[in-house]
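K.L.:
Sequence and predicted structure are below.
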Amino acid sequence: MFSPDVLRASSLEGGGLAIEVEDALPFVTQPVLVLAGRYDRTCVPAASERIAELIPRSRLHIFEQSGHMTFVEQEEEYVDVVRRFLDAANA
C-alpha cells in the first residue's frame with residue numbers, strides 16, 4: 001500500500017494521495033490515539049473524528065491551536081497527551 005509505485009501512481013492520477021482504508025478501521029484491535037489540529041487542512045478534524053469513530057478502542061484529541069504540525073505547534077500538550085495515552089495503555 002505504501003510502496004513507491006503506489007504512492008507515485010496515486011499522486012499522478014488525482015494530484016493527491018487517495019488510499020482508502022476506511023472499511024478496515026473497525027477491525028483495528030489495538031488502542032489508537034487519533035490526533036488532529038483544529039486548523040489542519042491536510043486531514044481536517046472531521047476526518048479525524050470519523051477515524052476515531054470507526055476504530056473501536058480509539059481516543060481522539062484535537063489540538064485547538066494547531067494545524068497539521070501538532071507536535072511542533074503545541075509541543076508540550078502533544079507530549080502530555082501522548083504520554084497519558086501510553087501510560088493508560090500500559091496500565
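P.N.:
Happy to help now that I have it. Numbering: from 1, shown residues only.
K.L.:
OK, contacts around the residue nearest to P26 when sequence neighbours are not counted?
P.N.:
Of all residues not flanking P26 in the chain, L54 sits nearest, at 5.5 Å (Cβ to Cβ, 6 or more residues apart in numbering). Placement of C-beta: from N, CA and C, glycine included. Residues counted as contacts of L54 (Cβ atoms under 8 Å, 6 or more residues apart in numbering) are E22, L25, P26.
K.L.:
now the residues you listed: which count as buried?
P.N.:
Among those, those buried by neighbour count (16 or more other Cβ atoms under 10 Å) are L25.
K.L.:
Now do the strands in this protein.
P.N.:
Along the chain, counting by DSSP state E, strands occupy 32-37, 58-63.
K.L.:
of those strands, which approaches V82 most closely?
P.N.:
Nearest to V82, of all these, is strand 32-37, at 6.7 Å by Cβ to Cβ.
K.L.:
how big is the angle separating the closest one from strand 58-63?
P.N.:
Here strand 32-37 runs at an angle of 20 degrees relative to strand 58-63 (axes from the mean of the first three to the mean of the last three Cα atoms, to 10 degrees).
K.L.:
mean confidence score for strand 32-37?
P.N.:
Strand 32-37 shows a mean pLDDT of 96.
K.L.:
Keeping just the C-alphas, turn it into CSV.
P.N.:
Coordinates of each C-alpha in strand 32-37 appear next as CSV, following Å, rounded to 0.1, in the frame of the first residue of the first chain:
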residue,chain,number,x,y,z
VAL,A,32,-5.3,4.0,18.9
LEU,A,33,-4.7,7.7,19.6
VAL,A,34,-6.1,9.9,16.9
LEU,A,35,-4.6,13.3,16.9
ALA,A,36,-5.7,16.3,14.9
GLY,A,37,-5.1,20.0,14.7
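K.L.:
Identify the bridge partners of the residue most central in space within the chain.
P.N.:
Closest to where the C-alpha atoms of the chain average out (Cα atoms, centre = their mean) is V34, at 4.7 Å. The partner list for V34 in beta bridges (DSSP bridges) reads L60.
K.L.:
All good on my end, thank you.
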